[in-house]
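Peer 1: what follows is a predicted structure for the sequence shown.
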Amino acid sequence: MLPVPQALQRPPGQTDLSAKYHPTSGYHYLLPDKPPPQNIFQEMQSHPLQQARETNIWYPFDRPGEWSLAKFLVENLSQTQIDKFLKLDWVCLIRPQFKSKDELFFYMQQLPGRGPKWQCTKLKLKGYESEQPIHLIWRDGLEVTKQLFANPVYMNHMCYDPHYIYQGQERQFGEFWTSDDAWEIQVSSRALNQLPEGATIVPIIAASDKTPVTKHTGGLEMHPLFLTIGNIQGDVRMKATSHAWRCTAFMPIPTFIVNSDFQTLLRSRLWHKCMDLVCSNLKVAARVGEYMIDPSARLHYCFTPLISHIADLPEQLMIACITKNSSPAKKLCLSGVHLPYWRNWRRSNPARFLTPEILHALHKFFFDHVLKWIKQIMGHELDVRFKSHHKRTGVRHFSGGVSHVNQMTGREHRDIQCTIVPTLWGMASPGFIHAVRAMIDFIYLAQNPLHTESSIASMTQALRDFHDNKQAILDAEARQGKSGAKDDFFIPKLELMQSFTRAISHVGTLMQWTADVSERLLITHCKHPFERTSRQRDFVLQIARILDREETIRLFDLYTLLSSSSSMPGQDPLINAVVMEDEEVASTETDPAFAWVSNANQAAQLRLQAPHPVRNHFLKGILSDNARIAFNVTVKADCSRLDVSQLQSLYYFYHALHLYATRNGCILPGQLSFNTWMKFHIQLHSTFHACRIMPSQQIHAEPPSSNFPQGNCDVVLFNQRVDGGSHVAQVRTIFQPTLPKGSRAQVAECLSQPLVYIQLFDFVVPGLEPSMGMWMVRRSYTRHPSQLERVIRRGCIIPLTDVTHAVEIIPVYRGPLGKDVNSGNSLEVFDEYFLNNFADKELYHSLSVISDN
């Protein structure tokens, strides 16, 4: 049974999705006179020492502790340091079997895990000398691909067939397999590019970037190359912890003995030469095909087109052989590289495989340009407003402002984007705000994990809105250069955005091509091996040996986990090797190995590093009426058996409780007391993937205290049962009525569930504020029930299950912020707020749907 593609995983009752599969792709083959195919773990079980491992799976190591010690030494110490460590008196007391580094390395050689072997090749560019010898450290790209394709850890996260997905009448684009290019590669009408019937596409995805691999000043720089395959599900592939990317080469960056004008050209030619060598067998497989074994030990006839090379803009220019200072549109400005590595890679087109890259093309663009424009017109007020934003659990708060930071991570870029639009209000012209909002709209839409023709049209419109309003940025003299205000938008990344919507139909959603994971891999996989060498003459050979040992360790770790699980009754490590775990792991954070181990061998989880599992409140929590939202409050209340006067002193509570009881046709029993909570969790399914559970969000309802004189209360969206509409409210307390012990009275059903006392906001009509594209809400007031001359905040009581979303509201700033406003009271001292639809991407989509309705 093949896994269901992610886009077609849906809850019962959702019937608007349909699919059309390619009819002649992904066949399985049996070759006569050949032994049955084996995936990589079956091969490991065929190792000559497997019989010894039937009784001790860590053999030749004596026990798990000895293997852990050996792994620690090999991964963290140099050879000299290992010998020194093993001679310590304390080590002699624990008596490991290996007494020296040579014995330890001999033991490592007896392990069954063997990945594609690392090798070193000395290179020269004919006619040019370099200051140091040029060494390429690499392994065969095709062998790396075969290992990934045969890994049973990804069994339930693989796809082999192009397919069209339809949501109602609209085409849906997600993984590469849902794109036009996947279908076109399989059924190309050109005779030279036709694939045979039954062929399987193994889409090659590369990522590379220049990075220093040693820490000291003037240290060594190299170009690491990472490879993965598009058959592995996108959200699994893009998690660094899932090990779906393989470091395949370290390409040198030498200094040539030439005029400095030619240095960049020669380095580019060398880079393409290295890529040519590493990918040579992949190019052969793309042309004539190659038999490969899948995770279920079935044989496929595979072809390997290059569908994406993830890189930042300077590297994309180098790959495309375009000069650095020219626009990508000026096709004649070539760099002088005459043999690009992709020149003879069949079915691979640089106009397609240089996919739009979100981290650098959008988030870095925002930091380098949009944020600078805003800083220019807002000055210190930008920091003052960011500091005053209400603090929410799980959401970054910039307590020091944002202006002083000269370098940020992509994560920080995203966090600033969440609140930058409403923060602008009152300091910029409507046109300026509209331009910034349109750009953030475009950035958010570009990150959709699924696209339809409608969302692609929305992206096009957002970019058009930016260009229609960008003159306001120039009018404000916010775009500054070295000699003062600029009057143009000659920004290459802005020009590249024109290609984003076209790319979605060609290669699928853009989030699967972001450089976030490769940037992380540069830190976790590239620098560490180089720090454990002696920097002597055989430096590159040392690196190759270290990388081989790291690969052996990684494979043996998984081997021991699989073997220990297969010894358990009723467990087969090669069936359902990856389980979409409903109980503790939500697929947004799934590490395939961890997901499988948590299902098959929970005790082994302690030996495997993985992201913290996402707790699933749908199992034991309180469910909404439609079972699409889960809530959680602690078993023990924060305050127990409070009388009504204690709550009445904080809020006009009792009147609201009477109205709630009357509206629900029940009578309040005497001597009621109340258990109260200061927070609850809400958990939703993804708006894009209905079967995916999102991490829960925490909503606070803390009463006034010394730290928060007016309370610390978050804001939610809830459904009004009377009119069925969505409303905004601030949660003041979570409570449940109880009766005294021994009481024979009964609490009505409408009072026997957790309830929420909220204070309401009204929507300011008509509709969205034009330049902000956001709803404006105003705090709702009413007359005191017994003192009509007094005006109080309007409150009411609703069941906890009426809450639908945690939301963020940002004050409608009317000018410079006073010093008395801070993050602790900004939700209390204003009357008007913007409902921030940029607070997170799931909410952005949900509010768009609510607004449309």
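Peer 2: Done, it's in.

Peer 1: do you know how far the nearest residue to residue 97 once chain neighbours are set aside is from residue 108?
Peer 2: Distances taken as CB to CB, 6 or more residues apart in numbering place residue 62 nearest to residue 97, at 5.9 Å, with adjacent residues excluded. Where you see a C-beta, it was placed from the backbone N, CA and C, and this is true even at glycine. With the distance defined as CB to CB, to the nearest Å, residue 62 ends up 15 Å from residue 108.

Peer 1: those two: which has the busier surroundings?
Peer 2: Legend: neighbour count by other CB atoms under 10 Å for residue 62 and residue 108, higher for residue 108 (20 against 13).

Peer 1: list the contacts for that one?
Peer 2: Residues near residue 108 by CB atoms under 8 Å, 6 or more residues apart in numbering: 70, 74, 549, 552-553.

Peer 1: what strand or helix carries it?
Peer 2: Per DSSP states H and E, residue 108 falls inside helix 101-109.

Peer 1: residue 91 too?
Peer 2: Short version, using DSSP H and E: residue 91 is in helix 89-94.

Peer 1: please work out which residues outside that helix touch it.
Peer 2: If you take CB under 8 Å, 6+ apart as the criterion, helix 89-94 is touched by 69, 85.

Peer 1: okay, it in PDB with CA atoms only?
Peer 2: Backbone C-alpha positions of helix 89-94 (Å, rounded to 0.1, in the frame of the first residue of the first chain) are rendered in PDB as follows:
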ATOM      1  CA  ASP A  89      43.100   6.500  35.300                       C
ATOM      2  CA  TRP A  90      39.400   7.000  35.500                       C
ATOM      3  CA  VAL A  91      38.900   5.500  32.000                       C
ATOM      4  CA  CYS A  92      40.900   2.400  33.100                       C
ATOM      5  CA  LEU A  93      38.300   1.800  35.800                       C
ATOM      6  CA  ILE A  94      35.400   1.500  33.400                       C
END
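
Peer 1: report the mean confidence score over it.
Peer 2: The pLDDT scores in helix 89-94 average 80.

Peer 1: buried ones in it?
Peer 2: Residues of helix 89-94 include none that count as buried (16 or more other CB atoms under 10 Å).

Peer 1: how far away from the center of its chain is it?
Peer 2: Centroid separation for helix 89-94 versus its chain: 44 Å, with CA atoms, centre = their mean, to the nearest Å.

Peer 1: count of neighbours near residue 721?
Peer 2: Residues near residue 721, counting by other CB under 10 Å, number 12.

Peer 1: any idea how far residue 631 is from the residue lying closest to it once chain neighbours are set aside?
Peer 2: Spatial nearest neighbour of residue 721, excluding adjacent residues (CB to CB, 6+ apart): residue 802 at 6.7 Å. For residue 802, the distance to residue 631 (CB to CB) stands at 10 Å.

Peer 1: next one: residue 701
Peer 2: Counting by CB to CB, the gap from residue 701 to residue 631 is 13 Å.

Peer 1: what touches both of those two?
Peer 2: By CB under 8 Å, 6+ apart, the residues touching both residue 701 and residue 631 are residue 680.

Peer 1: tell me which stretches of the stretch 501-650 of the chain form helices.
Peer 2: Under the criterion DSSP state H, counting those that start in this stretch, helices of the stretch 501-650 of the chain are mapped to 516-521, 527-530, 539-566, 592-600, 644-648.

Peer 1: winner for burial among those?
Peer 2: Ranked by mean neighbour count, these are led by helix 592-600 with a mean of 24 (mean count of other CB atoms under 10 Å).

Peer 1: give me the distance between the two termini of stretch 466-478.
Peer 2: The stretch stretch 466-478 measures 15 Å between its terminal residues, going by CA to CA, to the nearest Å.

Peer 1: surely residue 493 meets residue 313?
Peer 2: Yes: with contact defined as CB atoms under 8 Å, residue 493 reaches residue 313; the gap is 6.4 Å.

Peer 1: shared neighbours of these two, anything?
Peer 2: 360-361.

Peer 1: export the contacts of residue 108 to a markdown table and tack on pLDDT and distance to residue 450?
Peer 2: Compiled in a markdown table, the contacts of residue 108 are given as follows (pLDDT from 0 to 100; distance: CB to CB, whole Å):
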| residue | pLDDT | distance to residue 450 |
| --- | --- | --- |
| 70 | 91 | 45 |
| 74 | 89 | 43 |
| 549 | 86 | 41 |
| 552 | 88 | 39 |
| 553 | 87 | 37 |
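
Peer 1: which member of those is positioned nearest residue 255?
Peer 2: Using CB to CB, residue 549 comes nearest to residue 255 of those, at 30.4 Å.

Peer 1: endpoint to endpoint, stretch 798-806 covers what distance?
Peer 2: 15 Å.

Peer 1: distance from the chain centre to it, please.
Peer 2: 28 Å.

Peer 1: other residues contacting it?
Peer 2: If you take CB under 8 Å, 6+ apart as the criterion, stretch 798-806 is touched by 392, 622-625, 629, 631, 633, 660, 680, 682, 684, 697, 699, 714-721, 726, 731, 734, 750, 753-756, 758, 843, 846.

Peer 1: just those residues: which are in helices?
Peer 2: Members of those lying in helices (criterion: DSSP state H): 660, 843, 846.

Peer 1: least confident pick among those residues?
Peer 2: In terms of pLDDT, residue 846 ranks lowest among the ones in helices among the contacts of stretch 798-806, with 85.

Peer 1: leaving out the residues flanking it, which one is nearest to it?
Peer 2: residue 687 (5.4 Å).

Peer 1: likewise for residue 253?
Peer 2: Closest residue to residue 253 apart from its sequence neighbours, by CB to CB, 6+ apart: residue 221 at 4.8 Å.

Peer 1: run a quick neighbour tally on the one you found.
Peer 2: The number of residues packed near residue 221 is 13, by other CB under 10 Å.

Peer 1: repeat that for the one 3 residues further on.
Peer 2: Residues near residue 224, counting by other CB under 10 Å, number 22.

Peer 1: specify the local secondary structure of it.
Peer 2: Assigned by DSSP: H, G, I helix; E, B strand; the rest coil, the conformation of residue 224 is strand.

Peer 1: about what we covered before: what does the pLDDT read for the residue nearest to residue 846?
Peer 2: Note for residue 687: predicted pLDDT of 86.

Peer 1: which residues touch residue 340?
Peer 2: By CB under 8 Å, 6+ apart, the residues touching residue 340 are 272, 319-321, 350.

Peer 1: look up how far residue 400 lies from it.
Peer 2: 46 Å.

Peer 1: as JSON lines, the contacts of residue 340 with pLDDT would be great.
Peer 2: Converted to JSON lines, the contacts of residue 340 look like this (pLDDT from 0 to 100):
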{"residue": "272", "pLDDT": "96"}
{"residue": "319", "pLDDT": "93"}
{"residue": "320", "pLDDT": "91"}
{"residue": "321", "pLDDT": "90"}
{"residue": "350", "pLDDT": "90"}
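
Peer 1: tell me which of those residues fall in helices.
Peer 2: With helices taken from DSSP H, the overlap with those comprises 272, 319-320, 350.

Peer 1: now the helices for the stretch 101-250 of the chain?
Peer 2: Secondary structure of the stretch 101-250 of the chain, counting by DSSP H, counting those that start in this stretch: helices at 101-109, 141-149, 180-186, 234-237.

Peer 1: closest to residue 292 out of those?
Peer 2: Here helix 141-149 is closest among these (CB to CB), at 4.9 Å.

Peer 1: tell me the buried residues in the closest one?
Peer 2: Across helix 141-149, burial judged by 16+ other CB under 10 Å covers 141-149.

Peer 1: give me the low-pLDDT residue ranges for this structure?
Peer 2: Applying pLDDT under 70 to the chain picks out residues 1-15, 189-193, 214-219, 324-332, 526-529, 531-537, 564-614, 722-723, 849-853.

Peer 1: which strand runs longest in it?
Peer 2: Secondary structure of the chain read by DSSP state E shows that its longest strand is strand 726-738.

Peer 1: show me what that one is packed against.
Peer 2: Counting contacts by 3 or more CB pairs under 8 Å, 6 or more residues apart in numbering; DSSP states H and E, strand 726-738 packs against strand 673-677, strand 697-702, strand 712-713, strand 715-719, strand 755-763, strand 803-807.
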